[in-house]
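> got a predicted structure here, sequence first:
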Amino acid sequence: MSDSTEQNKSNWEKFQAEMKRMVEEEVKGKTPEELKMTYKGIRYPSSLCSVPSFEAMERFEAREDDVLIITYPKCGTHWSKTILHEMLLEVHGKEPTVDRIMFEFGKPEKYEILIIMRNPKDAAVSYYHFTNNLPVLPTYSSWDLFFKDFISGDVLFGSYFDYHLGWDRHIDDGNILVLTFEDMKADLPAELKKINDFYGLNLTDEQILQIEEKTIFKSMKEKSSNTHGKLADAFFRKGEIGDWKSLFTEEQSKEVDAKFEKYLAGTKLGEKINYRKFCTF
Ligand code: A3P
């Protein structure tokens with residue numbers, strides 16, 4: 001946890017400036033293929049990722065008190081990042097730097113890791129809207145076309161199923177807390193307490209409730225035009241469970257069921273999702 005108010009402030013400014021630059025310059029005239037790059041067989045957005053930065057990540061050595069957040073796209077990255085930010089701000093009285101990583105690198109067993117999962121069907125629908133609303137990502141002309149790529153793992157950042165299977169191998173390392181988007185929606189204070197205990201932050205119940213207030217969807221959405229500018233609606237869309245039913249056909253639903261069964265059913269990470277409850281039509 002390196003900290004500095006100035007650094008964090010300028011991180012947001014840098015984020016917004018970088019997004020603006022990408023929207024205005026990088027993507028102009030590029031084909032969907034040109035918006036992608038490949039590293040170790042997985043596709044990434046070429047405007048955000050490069051081979052040298054991946055190679056640097058492989059050599060990355062975290063500090064002892066670093067906190068890493070692990071999320072597949074659209075599973076609650078900004079939500080968990082804001083929660084940790086608010087918690088660390090409360091504990092240290094100054095702005096922390098919170099970063100999130102979406103792929104396995106270095107030696108995961110060395111860090112304190114927070115994994116946020118979300119059911120694959122809602123993650124897919126959220127991803128579809130996101131990729132079509134963020135100019136630096138490839139646009140899909142239909143949900144069906146996106147679904148094909150999602151199920152085959154040919155979306156940016158790779159397959160939802162491989163990704164979670166990879167992290168399941170570390171589940172017993174002893175340094176991982178796994179939470180779900182769905183549990184956070186159901187009882188945010190309870191999940192905040194788990195984070196508090198896991199990191200030994202010693203926040204009081206009152207502080208937890210204040211953090212809840214600031215990190216519920218409504219509050220984050222209201223502030224999003226300050227934090228994410230024109231891209232606010234892409235990052236903070238509905239924040240609900242079950243929106244997948246608006247786009248999935250029954251056949252697509254069955255395809256995800258089969259994939260889940262093959263890859264994640266029976267794994268410890270897969271169990272956390274409560275698949276039957278959240279993924280049945
Ligand atoms: P939807 O597209 O379903 O609305 P990520 O940050 O990993 O990209 O995830 C984005 C998803 O999390 C979006 O889902 C977004 O609306 C939702 N989200 C962001 N902040 C949230 C919050 N405080 N509570 C609930 N959902 C939130």
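Thanks, I have it.
> when you work out contacts or count neighbours from here on, use the C-alpha atoms and nothing else.
OK.
> got the contact list for the helix or strand harbouring Phe198?
Secondary-structure assignment from DSSP states H and E places Phe198 in helix 188-199. Outside helix 188-199, the residues that touch it by CA atoms under 8 Å, 6 or more residues apart in numbering are Leu177, Leu179, Asp183, Met184, Asn202, Leu203, Ile208, Leu209, Glu212.
> switch to 7 Å and redo it
For helix 188-199, the external contacting residues (CA atoms under 7 Å, 6 or more residues apart in numbering) are Met184, Asn202, Leu203, Ile208, Leu209, Glu212.
> farthest pair within the residues you listed?
Met184 and Asn202 (19.7 Å; CA to CA).
> counting neighbours, go ahead and name the busier of those two.
Neighbour totals were compared for Met184 and Asn202, and Met184 leads with 18 against 14 (other CA atoms under 10 Å).
> now the helix or strand where Glu212 lies: buried residues?
Assigned by DSSP H and E, Glu212 belongs to helix 205-215. For helix 205-215, a neighbour-count test (16 or more other CA atoms under 10 Å) marks Ile208, Leu209, Ile211, Glu212, Lys214, Thr215 as buried.
> ramachandran angles for Arg43?
As for Arg43, its main-chain torsions (degrees, to the nearest 10) stand at phi -90, psi 140.
> how much space separates it from Phe235?
According to CA to CA, to the nearest Å, Arg43 and Phe235 sit 21 Å apart.
> same thing with Thr82?
Thr82 is 13 Å from Phe235, by CA to CA.
> before we move on, what about Pro52?
Distance from Pro52 to Phe235, by CA to CA: 27 Å.
> so which of the two has more stuff around it?
More crowded of Pro52 and Phe235, by other CA under 10 Å: Phe235, with 20 against 9.
> toward the C-terminus, what is the element adjacent to the worst-scoring helix or strand of the chain on mean pLDDT?
Ranked by mean pLDDT, DSSP states H and E, the weakest helix or strand in the chain is strand 100-101, scoring a mean of 50. Proceeding N to C from strand 100-101, the next assigned helix or strand is strand 112-117, under DSSP H and E.
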